[in-house]
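Colleague: Below is the sequence, then the predicted model.
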Amino acid sequence: MTSPVVRVMPETGFREIVALLAEYDITGVPVVDDDGRPLGIVSEADLLLTLAAQEDQGSLMPPPGAARPGPDGAVTAADLMSGPVICITPSTSVVAAARLMGRHGVKRLPVLDVDGRVFGMVSRGDLLRVFLREDRVIRREIVEEVLGRVEGVSPALVGVEVDQGRVVLSGTVPEPHLVPIVLNLCRSVDGVVSVTDRLSADTFGGLGPEDDSPDSSGSPDSSGSPEGAGGGTEGPGGGTGGRGADGRAGGARNGSARGSDAPAPVR
C-alpha cells in the first residue's frame, strides 16, 4: 500500500482535487469525514465526467450525466465521489485484494486501521509490483516458510526452481494428499506467476516396491531349480545338459549324453 495517503474532505473543490492528483501522480483519492473514515472515492474518471458534460458544438455525441454544481456553482468531492467504498485491512492478502478489485470493478482500495480510518491506499499498480520480487527471494520463502510448514514434508527432498516467477517443484513427498497442499501454498506466495508440478509421492517410505518383497535368499534359486534356464540335469554320460524349451534335455557339456528320444550319433 501507499502510506500516508492523500485524502480529501467532502467540501474539497474540483480544481483542488485535480491539483492533488497531478502533484502526487495518483489517479484517485478517498473522501473522508472529520474522523478519517471513508465516505467515497473520487477518481480521474469521475472528474472526466464533468469535463465531458461541457457543451461542445462540434460533437454529435450527447453529453453524459455529470455532477451538478451546487447553488454557488461549485463542484465538490461530495458531488463527484462514488460509493460505497470497498475497503481492506493491512492483513488482506494481495490475492484477495485483486479479487475484490475484479469483482467490484474498482482500481483502488482504501486500507483501514483498527478504528476504521483510512491510513493507506492500494492500487492495481501496487498489486502488480509483487511480481517484481527477485526469484531468489521467492525460492527462499518457499523452502523456508512453505515447505517447512507442511507436516511430514522434508524441504531437503523437494527441489525448487524459480525463473521469472515460474516455480517448478520436483522430488518426493511422503503421501499423495500432500501434493495439492504444497502446490496451493506455493501459488499463494507473493510474486509467483505459475507452479509446475513434478512431485511424486513416496508411499514406500524411501523403499522401492522391490525392497518390500520377500528376501531373494528365501526363494528358489534359479541355478538350483531343475526347471531353471541355466540349470542342468545329469545325462547318462555324466554331463550336465540344460532343459530346452520343448522339454528335452540339452546337449551335455562333458560327454555324449543325450535325451532318450535323441538319435544315435553317427560314428
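Modeller: Okay, I see it.
Colleague: sec struct for L128, please.
Modeller: For L128, the assignment made with DSSP: H, G, I helix; E, B strand; the rest coil gives helix.
Colleague: and it, what pLDDT?
Modeller: pLDDT, L128: 92.
Colleague: For it, grab the count of nearby residues.
Modeller: 11 (other C-beta atoms under 10 Å). C-beta here means a position set from N, CA and C on the backbone, and glycine is covered the same way.
Colleague: V31 belongs to a strand?
Modeller: Yes - with three-state DSSP as the criterion, V31 is part of a strand.
Colleague: who does it bridge with?
Modeller: Counting by DSSP bridges, V31 is bridged to V8, G40.
Colleague: check contacts around it.
Modeller: 7-10, 12, 38-42, 77-78, 81 (C-beta atoms under 8 Å, 6 or more residues apart in numbering).
Colleague: Between these, which sits nearest E151?
Modeller: Proximity of the contacts of V31 to E151 (C-beta to C-beta) peaks at P38, which lies at 41.4 Å.
Colleague: so where does the residue nearest to that closest one when sequence neighbours are not counted fall, helix or strand?
Modeller: Leaving aside its chain neighbours, P38 sits nearest to V85 (4.3 Å; criterion: C-beta to C-beta, 6 or more residues apart in numbering). Counting by DSSP states H and E, there is no helix or strand that carries V85.
Colleague: List the contacts of V85.
Modeller: Each residue near V85 by C-beta under 8 Å, 6+ apart is listed here: 30, 38-41, 110.
Colleague: now T89
Modeller: 111-112.
Colleague: What of the one 5 residues further on?
Modeller: Taking C-beta under 8 Å, 6+ apart, we find V94 in contact with 127, 130, 190.
Colleague: Same list (those) but as JSON lines, adding distance to V146 and neighbour count.
Modeller: As requested, the contacts of V94 are exported to JSON lines (distance: C-beta to C-beta, whole Å; neighbours: other C-beta atoms under 10 Å):
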{"residue": "L127", "distance to V146": "21", "neighbour count": "17"}
{"residue": "V130", "distance to V146": "16", "neighbour count": "16"}
{"residue": "D190", "distance to V146": "12", "neighbour count": "16"}
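Colleague: and of those residues, the nearest to L49?
Modeller: Closest to L49, out of all of these and judged by C-beta to C-beta, is L127, at 25.6 Å.
Colleague: which residues does that closest one contact?
Modeller: With contact taken as C-beta under 8 Å, 6+ apart, L127 is in contact with 94, 97-98, 101.
Colleague: Between the residues you listed, which has the least confident prediction?
Modeller: V94 (89).
Colleague: Phi, psi for it please.
Modeller: phi -70, psi -30 (degrees, to the nearest 10).
Colleague: State the mean pLDDT of stretch 166-179.
Modeller: Stretch 166-179 comes out at a mean pLDDT of 95.
Colleague: For it, which outside residues touch it?
Modeller: With C-beta under 8 Å, 6+ apart, stretch 166-179 has contacts from 138-139, 142, 150, 152-153, 157-162, 182-183, 186, 189, 192-203, 205.
Colleague: Determine how far the last residue of that stretch lies from the first.
Modeller: 18 Å (C-alpha to C-alpha, to the nearest Å).
Colleague: Please shift the residue numbers so they start at 718 in all later answers.
Modeller: With 718 as the first residue, the last one maps to stretch 883-896.
Colleague: Now it: buried residues?
Modeller: Judged by neighbour count (16 or more other C-beta atoms under 10 Å), stretch 883-896 contains these buried residues: 884, 886, 888-891, 895-896.
Colleague: Against L765, how distant is D750?
Modeller: 25 Å (C-beta to C-beta, to the nearest Å).
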